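Novice: below is the structure, and that's it, no one-letter string:
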């Protein structure tokens with residue numbers, strides 16, 4: 001199965017010095033290395049943009065950009081981005097607090113299948 005790699009993982013591997021990583025972070029970088037070797041690593045443009053933003057020198061930017069060229073952007077379809085930020089914040093708060101969500105928005109039925117949120121239903 002392919003793996004979509006988040007900015008936080010790429011940053012550990014590409015923007016941090018190995019000697020500065022904790023044992024857990026070393027494990028994360030090692031897993032990324034294995035996924036790359038297996039050809040299972042996937043990247044989206046948003047992650048690429050986050051990685052390249054904030055680079056201090058043009059030399060660092062070009063080096064990182066050249067490394068990332070090995071990983072083509074996965075196409076993003078309309079259905080991939082059919083969520084709203086407020087909806088995701090509501091889901092996140094409910095999940096972290098162990099709450100259910102009371103909503104009339106049918107999108108939450110789809111979120112429930114993915115995020116394991118609980119939906120509150122009207123009692124009468």
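Specialist: Nice, thanks for sending it over. Here the structure is a predicted model, which is why all the values come from computation and not from measurement. Numbers count the residues shown, from 1 in each chain.
Novice: which residues does the longest helix along the chain contact?
Specialist: The helix that spans the most residues within the chain, counting by DSSP state H, is helix 23-38. The list of residues contacting helix 23-38 from outside it, by Cβ atoms under 8 Å, 6 or more residues apart in numbering, reads 3, 5, 9, 10, 12, 13, 16, 18, 21, 41. Using the backbone N, CA and C atoms, a C-beta is placed for each residue, glycine as well.
Novice: among those, which pair sits farthest apart?
Specialist: Within the contacts of helix 23-38, 3 and 18 form the most distant pair, 21.4 Å apart (Cβ to Cβ).
Novice: most neighbours, which of the contacts of helix 23-38?
Specialist: When neighbours are counted as other Cβ atoms under 10 Å, the busiest of the contacts of helix 23-38 turns out to be residue 10, with 22 neighbours.
Novice: against residue 46, how distant is that one?
Specialist: Counting by Cβ to Cβ, to the nearest Å, the gap from residue 10 to residue 46 is 12 Å.
Novice: residue 82 too?
Specialist: On the measure of Cβ to Cβ, residue 82 and residue 46 end up 15 Å apart.
Novice: about what we covered before: any chance of the contacts of helix 23-38 in JSON lines, with secondary structure too?
Specialist: Putting the contacts of helix 23-38 into JSON lines (DSSP: H, G, I helix; E, B strand; the rest coil) gives the following:
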{"residue": "3", "secondary structure": "strand"}
{"residue": "5", "secondary structure": "coil"}
{"residue": "9", "secondary structure": "helix"}
{"residue": "10", "secondary structure": "helix"}
{"residue": "12", "secondary structure": "helix"}
{"residue": "13", "secondary structure": "helix"}
{"residue": "16", "secondary structure": "coil"}
{"residue": "18", "secondary structure": "helix"}
{"residue": "21", "secondary structure": "coil"}
{"residue": "41", "secondary structure": "strand"}
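Novice: of all these, which comes closest to residue 124?
Specialist: When the contacts of helix 23-38 are compared for distance to residue 124 (Cβ to Cβ), residue 3 wins out at 45.6 Å.
Novice: check contacts around the closest one.
Specialist: Contacts here follow Cβ under 8 Å, 6+ apart; on that basis residue 3 touches 35, 40, 41, 42.
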